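Visitor: Sequence first, then the predicted structure, then my questions.
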Amino acid sequence: MKMFGKKWGVLAALIALMLAVAACGGKNEGASPSPSESSKAPAASESAKPSESAKPSESAKPADKKVVLGFAQVGAESAWRTANTKSIQESAAQAGFELKFSDAQQKQENQIKAIRSFIQQKVDVIAFSPVVESGWDTVLKEAKDAGIPVILTDRAVDSKDTSLYRTFLGSDFVEEGRKAGQWLVDQYKDASEDVNIVELQGTTGSAPANDRMAGFQEVIKTNPHLKIIASQTGEFTRAKGKEVMQAFLQAHKDIDVLYAHNDDMALGAIQAIEAAGLKPGTDIKIISVDAVKDGMQAASEGKINFIVECNPLLGPQLMEAVNAVLEGKEIPQRIVTKEGTFTSEQAKEALPTRQY
Ligand code: GYE
């Protein structure tokens, strides 16, 4: 944007100068020649490069219309989400796309409204991260009928008709839950008494909450001593994580383990645990998911014992998928992000180079 202003400012100054010089000889036509020259400069492929030079050309030359991508984001509930939003915005700019971005504040009705408005505006592609899994068929059908391809990012929908979207790009949340459970199984393999686990679930009905719960349960049931004694949503936020953990601590005097579906809730819970005079990571073992900076920091201090990584930097892959869809290329129905896990020691090592 700034470059646009600057460039045109310089052009305008040049033109003014030329006009002044030519005023006596009198044949210069004014503003048109220079802008149209500059508008030819960036070819379509060049505009995909991280350069601002694409912008003046597009507005001066409507034939080279930018790809318009409508993105309906879940909200701004966590550090993961903030990193995800930034990745999408930056990658869209780099790809030379016009991004119409909407924040649904964790409400499905807002996302549906945003998608309908993208359809009305005839965007080229719609992408979204569905806040919950169910209830999308009608609006997805509307997009399909309008001929607008839809790409799911981050979270899945439970629609039976998979022709309603072109691909689903994101993590395998069941696998994340399994990794969390496996660490616990390994830690307590010699347990001779019950291990009391409390669980802070993500947003009710969301794919990561459903799947992280399922994967975790699947693995821990191999050891009957591993018992979930309480499980409640903390809505993926720090504030709610703290509040629910406070209630857990009041209701149960013998909590051994906290499994939080994301770092933000674990960080909120850590505050509640410390306020109760207990040592997070020691008195209560903590497992969480995401591996955002603050989570990794807490892990490196030994307050979180194990973090399962969930990569929010989906922007570049999303833009590739948008291009592929628009070029009519075949893309896989499912694109899974690669991720790892971190113990406290590994978190300490990895922290300085974390991007989010
Ligand atoms: O783990 C959590 C966020 O959908 C993977 O949503 C995402 C989850 C992430 O709020 O922090």
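Guide: Yep, that arrived.
Visitor: Alongside the ligand, which residues does the stretch 101-250 of the chain contribute?
Guide: Taking Cβ under 6 Å from any ligand atom as the contact definition, the stretch 101-250 of the chain meets the ligand at 154, 155, 208, 236. All C-beta spots, glycine's among them, are computed from the backbone N, C-alpha and C.
Visitor: which one of the residues you listed sits closest to residue 253?
Guide: Among those, residue 236 lies closest to residue 253 (Cβ to Cβ), at 27.1 Å.
Visitor: The closest one: neighbour count?
Guide: 28 (other Cβ atoms under 10 Å).
Visitor: Run through the residues that contact it.
Guide: Contacts for residue 236 (Cβ atoms under 8 Å, 6 or more residues apart in numbering) come out as 77, 78, 81, 202, 203, 206, 261, 262, 264, 265.
Visitor: Report the buried members of the residues you listed.
Guide: Neighbour-count burial (16 or more other Cβ atoms under 10 Å) is assigned, among the contacts of residue 236, to 77, 78, 81, 202, 203, 206, 261, 262, 264, 265.
Visitor: quick one: contacts for residue 313?
Guide: Contacts of residue 313 by Cβ under 8 Å, 6+ apart are 83, 84, 87, 355, 356.
Visitor: the strands in the chain, which residues?
Guide: Using DSSP state E, the strands of the chain run over 68-73, 98-103, 125-128, 150-153, 167-170, 195-201, 226-233, 257-260, 285-290, 306-309, 334-336, 341-343.
Visitor: got these as CSV, with mean pLDDT and mean neighbour count columns?
Guide: As requested, these are exported to CSV (pLDDT from 0 to 100; neighbours: other Cβ atoms under 10 Å):
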stretch, mean pLDDT, mean neighbour count
strand 68-73, 98, 24
strand 98-103, 98, 16
strand 125-128, 98, 27
strand 150-153, 98, 24
strand 167-170, 97, 23
strand 195-201, 98, 23
strand 226-233, 98, 17
strand 257-260, 99, 27
strand 285-290, 98, 28
strand 306-309, 98, 26
strand 334-336, 94, 14
strand 341-343, 96, 18
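Visitor: where does the protein have low pLDDT?
Guide: For the chain, applying pLDDT under 70 flags the ranges 1-63.
Visitor: Got the domain ranges for it?
Guide: 64-171+313-336, 173-310 (automatic domain parsing).
Visitor: Which one, of those domains, ends up nearest to residue 348?
Guide: Distance to residue 348, taken as Cβ to Cβ, is lowest for domain 173-310 among the domains of the chain, at 4.0 Å.
Visitor: first to last residue in the closest one, what's the distance?
Guide: Terminal residues of domain 173-310 lie 8 Å apart, using Cα to Cα, to the nearest Å.
Visitor: try stretch 100-116
Guide: 13 Å.
Visitor: out of the domains of the chain, deepest packed?
Guide: Scoring those by mean neighbour count under mean count of other Cβ atoms under 10 Å gives domain 173-310 as the most buried, with a mean of 21.
Visitor: just how off-centre is that domain within its chain?
Guide: Chain-centre distance of domain 173-310: 21 Å, with Cα atoms, centre = their mean, to the nearest Å.
Visitor: can you redo the domains of the chain as JSON lines with distance to residue 343?
Guide: Below are these laid out as JSON lines (distance: least, Cβ to Cβ, whole Å):
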{"stretch": "domain 64-171+313-336", "distance to residue 343": "20"}
{"stretch": "domain 173-310", "distance to residue 343": "6"}
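Visitor: surely residue 248 meets residue 196?
Guide: No. In this structure, residue 248 is not within contact of residue 196 by Cβ atoms under 8 Å, at 10.2 Å.
Visitor: So for those two, which residues contact both of them?
Guide: residue 255.
Visitor: Just want the most central residue of the chain.
Guide: residue 84 (3.2 Å; Cα atoms, centre = their mean).
Visitor: number of nearby residues for the nearest residue to that residue once chain neighbours are set aside?
Guide: Distances taken as Cβ to Cβ, 6 or more residues apart in numbering put residue 312 closest to residue 84, at 3.8 Å, once the chain neighbours are dropped. Using other Cβ under 10 Å, residue 312 has 25 neighbouring residues.
Visitor: on that earlier part again, would you tell me which of the domains of the chain gets closest to residue 349?
Guide: domain 173-310 (8.5 Å).
Visitor: Now do the nearest residue to residue 156 once chain neighbours are set aside against residue 141, distance only.
Guide: Once flanking residues are discounted, residue 156 sits nearest to residue 207: 4.5 Å by Cβ to Cβ, 6+ apart. From residue 207 across to residue 141, the span is 20 Å (Cβ to Cβ, to the nearest Å).
Visitor: which ones are touching residue 344?
Guide: Contacts of residue 344 by Cβ under 8 Å, 6+ apart are 281, 299, 300, 301, 302, 304, 305, 306.
Visitor: how about the helices in the stretch 151-300 of the chain?
Guide: 173-187, 207-220, 238-251, 263-275, 293-300 (DSSP state H, counting those that start in this stretch).
Visitor: Of all these, which one is nearest residue 160?
Guide: Closest of these to residue 160 is helix 207-220, at 15.5 Å (criterion: Cβ to Cβ).
Visitor: circling back: among the contacts of residue 344, which are in reach of the ligand?
Guide: Within these, nothing lies near the ligand by Cβ under 6 Å from any ligand atom.
Visitor: Mind listing residues that contact stretch 83-91?
Guide: Outside stretch 83-91, the residues within contact range by Cβ under 8 Å, 6+ apart are 71, 73, 76, 99, 101, 103, 129, 153-154, 292, 312-316, 318-319, 355-356.
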